[in-house]
Every structure is written in C-alpha cells, then in structure tokens.
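Participant: requesting a structural model of the entry that follows:
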Amino acid sequence: MVFIKSVLVSVMLARAVYTDIREGRIENRLVGPGFLLGLTCAALENGRAGLWLSIKMVVIVIAVLFILFVIKGLGAGDIKLLSALAAFLPKDIACIVIAAFFAGAAISLGRMGFRLIKKLPVYKRGERLNFSVPIAAATAMVEFYKLFV
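Facilitator: Purely as a prediction, here's the structure:
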C-alpha cells in the first residue's frame, strides 16, 4: 500500500507542478480525485481510525492555511493541494507544510541572489512563486527522510 500511495502522490504532485508552472493554477479536477484517493488509501490502510485521522488533518490544514489565503499569501490551489496531501500523508503533513515554506524561502532567496550577481534589480514588484514546486520538493524531502531514519 505504501508503494501505491507513493505513486499516487508523485503523479498528483507532478501534474500539479506542471499545470501550476504552465497555466499558473492547480486544477480542481486533479485535487478532487486526490482527496478521494487519499481518503480511500487511509481507510484501506488503517480502517476507520485512519480515515478519521485523514479527515481531521485535511480540516486542520484548510483552517490553518485559510488565514494565509485571506491575506493573499497563498493561493487556493496551493491550500487544496496541501489538504489533498494531508489525506494521503496525515502524519507527515505538518513537516511537509513547514518544509514547503522553507523551500519557498530558499527558492526566493536564490532568485534574488542570482539577480544580485547579474546586477539586475533584486526585487520585482508583483512577482509570484509557483508554490507547488516547494510543496513537491518538501514532500520529497520528508518522504526520503523517512526512508533513511
């Protein structure tokens, strides 16, 4: 079951990154089935307790990150993607969210450093970060860390 979950999460994240970079949005037709598959995996793997834990973590992720949506710090697609990941990986979602923000900060600092070296304006007003990239990187980091520890 772990292999199936890993494949499903990888496909969902790859598609989310692709559409976010290409179109600037994460598709609902991707996240909706992600929720259902995540909840199904949780129920098959751990029964009612696993299903309940997944639902609880989805609600917590949405509730906590909604504040960032209101202040326009995070897009709705990013929150839906993280909550779909919470359905698949309820025990790891807190680490994934924290690691995603650190990865996003690292990417932003890298961009700014590159511009500084090239003697370009460091800050670009209105520039956006496709947050699905740090989410995918954070998920990979957390899951690989679990393999070795």
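
Participant: contact partners for the most centrally placed residue in the chain?
Facilitator: Centroid-nearest residue in the chain, with Cα atoms, centre = their mean: Ile135, separated by 3.5 Å. Ile135 makes contact with 13, 16, 78, 81-82, 85, 96, 100 under the criterion Cβ atoms under 8 Å, 6 or more residues apart in numbering. The C-beta positions use only the backbone N, C-alpha and C, and glycine is treated the same way.

Participant: okay, now Tyr123: neighbour count?
Facilitator: Residues near Tyr123, counting by other Cβ atoms under 10 Å, number 7.

Participant: what is the burial count for Leu129?
Facilitator: For Leu129, using other Cβ under 10 Å, the count is 13.

Participant: ok, then the element right after the lengthiest helix in the chain?
Facilitator: When the chain is scanned for its longest helix (criterion: DSSP state H), the result is helix 28-70. Scanning forward in sequence from helix 28-70, with DSSP states H and E defining helices and strands, the next element found is helix 76-88.
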